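Colleague: Give me the fold of what follows.
(chains A and B)
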Number of protein chains: 2
Amino acid sequence: MNNFVFQNPTKLIVGKGTIASLATEISKDKKIMVTFGGGSVKSNGVYDQVKAALAGHNVIEFWGIESNPTYQTLSKAIKIGKEEGIDFLLAVGGGSVVDGTKLISAAIPYRGDAWELVLDNTLVGETTPLASVITLPATGSEMNCGAVISNTDTHEKYPFYSSYPQFSILDPETTYSLPAFQISCGIVDTYIHTMEQYLTFPSQALVMDRWAEGLLLSLIELAPKIQCDQHNYDTMSNYMLTATLALNGFIGMGVPQDWATHYIGHELTALKGLTHGLTLAIIYPAMLRVLKEAKREKLLQYATRVWKITEGTEDQRIERAIATTEAFFRMVGLPTKLREVEVDASTIEEIVTRFEQRGTVLGEHATVTPAVVREILTKAL
Amino acid sequence: MNNFVFQNPTKLIVGKGTIASLATEISKDKKIMVTFGGGSVKSNGVYDQVKAALAGHNVIEFWGIESNPTYQTLSKAIKIGKEEGIDFLLAVGGGSVVDGTKLISAAIPYRGDAWELVLDNTLVGETTPLASVITLPATGSEMNCGAVISNTDTHEKYPFYSSYPQFSILDPETTYSLPAFQISCGIVDTYIHTMEQYLTFPSQALVMDRWAEGLLLSLIELAPKIQCDQHNYDTMSNYMLTATLALNGFIGMGVPQDWATHYIGHELTALKGLTHGLTLAIIYPAMLRVLKEAKREKLLQYATRVWKITEGTEDQRIERAIATTEAFFRMVGLPTKLREVEVDASTIEEIVTRFEQRGTVLGEHATVTPAVVREILTKAL
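Modeller: Next comes the predicted model:
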């Protein structure tokens, strides 16, 4: 097991009716900016619950943080935050709203321009406290310090690290009205978050492996139940908790990590506007096929423990595990080939060129060079 | 899934050589009391490492916190802590040292007598910050806010809840020299911590079940390896992490919990001085046999997923799962009957009388009355 340091201070408040606890979780002497995405929280009742809980608090609202939150939109919120002396941020919505609010949190006390913080995380100093009411299980942003920020001028999309939310409220009933496509992308996002921390090489962190497998087995059990009945409380509460636990550091202790698929996916989103979970569903099976020798032992463990594949040669078991993974993504409702989303070889070359220019090398063994990225994306065509 | 609130702020610092990080983890302006148990840390090198790391810090030492730490011993440390103006506590040793230091932490700023805090946890207010260097994987005290405190005058032993350690250092190499009996008790303690949060009734917290099973499967895999080679770094680091994760709240989110075995075990320790893990090994199989109807569904799940018992009638599978659990405790090296530790029916009656006087009713269904406790202990004879 590798040496590691772990700490996650976020307070999780989980269950039906918990949005009301905002009334006491945030001190009344704070000047709060509540950040939102589009209007879905108005139609599903979340906005009314937040407003009722914060009656008597000093609140301004900022609307319009988009999927793949942009520096351009967030800069407007940062300007207002500085002008209004905001000293508490509450993100209400999906992972993009929470991600975007992390940049607002870091940029309000920062004197320079927010994009500088994205390009150089070491510039993040003091942050404005933030919390979240999460309504879309997927990114895990509600219980980690990470975010992904886009720039529409430069078509760039980069990870960004800042503060953990002080608290996050997860009311499973807020997920009942989510569109099926967002659920599909959230399930795959959660699955790949787990795989990025698990499907590398044997590292003798037994519990971490078991816990990652536990998340995968839970997702496989939950996915068809969610498709049958998105209003089942037990199903949706389990799904919501699984999404949080897949990327809050609990399964990443002392283990090697991959994340190549995420980095490649961010480029597809930045260049072609594809939803994050969708990019992962397309890249991941191709990545496993290209890197199956380097990931051989863990793929065999995955085949046995997660998909119960115990017959055939090693190569047959590995290929079946990859094919079953891809079939799972399709069953969940996502395409798994670039041609299905109208991306062709020219985009592949654009991505490879970007990685070459940045000198990017990815993967747990640092062997995923731009040439390997080309191989992966070509296999995904 | 039940509504729940989860927060665990402890910073875990894990790996070989990490004791040196004390130098920077504790500010030099603190007046530190370092608390120890007996002298084993002097023979295994831990004391020297702590002393080297804290050179230049303002440190006093307190020695002699015993297994099942007592109010009587801790009162001496509390008196010194008040007199010396101690504002940081560092526990170095096993779970008992950490447990005891939690009472010192709560009692230094408290005006009354420390035993009042044990009898009424609501009296705990401000606490003196504490941290730990844990050397015996078992209690999980290094990453939770719980402790168990004994009183030698009254032969009582009660749970006590206060602050989480600010940080805890886990260097697996510190476990190489642990006596076999302490390892055995630690393995069983970790196993039962997991079972208390798992083996209740189906509660639709899928991931929590998977994670509890993951801890149990890891322990079952690790136990014989530990017995073969207590100096294997991978084995001991895995065991150490497993012990921490079994009682830091990670597997307790939104699920019903039992803890009857612990409460009964504390009485056996208080009256007969038996080591904690040993009391659990004796009580737990008897408890499962007495309560197997109430725990039926979860016992069947446990049989299948943990011990891979899939043949026979339901009753046969349940009995085999219980017998296998008991055999595991014996394989680990502990007795599983009261007669083996020279406890007879008179002690059982004493325990039952105590529970009757206190009006104690235990278990996840609050059905373990004093009469049921008698039945459990009688079956354990």
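Colleague: For the stretch 1-150 of chain A, which segments are assigned as strands?
Modeller: A:4-14, A:31-36, A:58-62, A:88-93, A:130-134, A:146-151 (DSSP state E, counting those that start in this stretch).
Colleague: Around chain B, pick out the residues from the stretch 151-300 of chain A.
Modeller: A:167, A:172, A:204-207, A:210-211, A:213-215, A:217-218, A:221-222, A:233-234, A:237-238, A:241-242, A:245, A:250, A:253-254 (C-beta under 8 Å from any C-beta of the partner chain). To be clear about C-beta, it is placed using only N, CA and C from the backbone, and glycine gets the same treatment.
Colleague: For the strands of the stretch 1-150 of chain A, could you give me CSV that also reports mean pLDDT?
Modeller: Listed next are the strands of the stretch 1-150 of chain A as CSV, based on pLDDT from 0 to 100:
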stretch, mean pLDDT
strand A:4-14, 98
strand A:31-36, 98
strand A:58-62, 98
strand A:88-93, 98
strand A:130-134, 98
strand A:146-151, 95
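Colleague: Now tabulate those in TSV and tack on distance to A:Leu274 and mean neighbour count.
Modeller: Output for the strands of the stretch 1-150 of chain A, formatted as TSV (distance: least, C-beta to C-beta, whole Å; neighbours: other C-beta atoms under 10 Å in any protein chain shown):
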stretch	distance to A:Leu274	mean neighbour count
strand A:4-14	29	19
strand A:31-36	23	22
strand A:58-62	26	16
strand A:88-93	20	27
strand A:130-134	22	26
strand A:146-151	12	22
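Colleague: Could you provide these in a markdown table, with additional columns for distance to A:Ala323?
Modeller: A markdown table is the format used below for the strands of the stretch 1-150 of chain A (distance: least, C-beta to C-beta, whole Å):
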| stretch | distance to A:Ala323 |
| --- | --- |
| strand A:4-14 | 34 |
| strand A:31-36 | 41 |
| strand A:58-62 | 45 |
| strand A:88-93 | 36 |
| strand A:130-134 | 33 |
| strand A:146-151 | 29 |
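Colleague: what about these, which gets the closest to B:Pro335?
Modeller: strand A:4-14 (36.2 Å; C-beta to C-beta).
Colleague: The strands of the stretch 1-150 of chain A: which one's closest to A:Val306?
Modeller: Across those, closest to A:Val306 is strand A:4-14 (C-beta to C-beta), at 24.1 Å.
Colleague: Against which helices or strands is that closest one packed?
Modeller: In terms of contacts (3 or more C-beta pairs under 8 Å, 6 or more residues apart in numbering or on different chains; DSSP states H and E), strand A:4-14 is packed against strand A:167-170, helix A:233-245, strand B:4-14.
Colleague: switch to 10 Å and redo it
Modeller: Judged by 3 or more C-beta pairs under 10 Å, 6 or more residues apart in numbering or on different chains; DSSP states H and E, strand A:4-14 is in contact with helix A:22-25, strand A:130-134, strand A:167-170, helix A:233-245, strand B:4-14, strand B:167-170, helix B:233-245.
Colleague: hmm, which of the residues of the stretch 151-300 of chain A next to chain B are the buried ones?
Modeller: Among these, those scoring as buried are A:167, A:172, A:204-207, A:210-211, A:213-215, A:217-218, A:222, A:233-234, A:237-238, A:241-242, A:245, A:250, A:253-254 (criterion: 16 or more other C-beta atoms under 10 Å in any protein chain shown).
Colleague: count of neighbours near A:Arg374?
Modeller: 19 (other C-beta atoms under 10 Å in any protein chain shown).
Colleague: oh, I was asking about A:Arg358
Modeller: Neighbours of A:Arg358 using other C-beta under 10 Å come to 9.
Colleague: cool, and the one 4 residues further on?
Modeller: Residue neighbour count, defined by other C-beta under 10 Å, stands at 22 for A:Leu362.
Colleague: How about A:Tyr176?
Modeller: Count around A:Tyr176 with other C-beta under 10 Å applied: 14.
Colleague: show me what contacts it?
Modeller: Neighbouring residues of A:Tyr176 by C-beta atoms under 10 Å, 6 or more residues apart in numbering or on different chains: A:44-45, A:229-233, A:236.
Colleague: Tell me which of the strands of the stretch 1-150 of chain A lies nearest to B:Glu356.
Modeller: Across these, closest to B:Glu356 is strand A:4-14 (C-beta to C-beta), at 37.4 Å.
Colleague: What pairs with that closest one, parallel or antiparallel?
Modeller: strand A:167-170 (parallel), strand B:4-14 (antiparallel) (DSSP bridges).
Colleague: check contacts around the residue sitting nearest the centre point of chain A.
Modeller: Central residue check for chain A by C-alpha atoms, centre = their mean: the C-alpha nearest the mean position is that of A:Thr139, 2.5 Å away. By C-beta under 10 Å, 6+ apart, A:Thr139 lies in contact with A:94-96, A:98-99, A:146-148, A:186, A:189-190, A:193, A:243-244, A:246-247, A:276-277.
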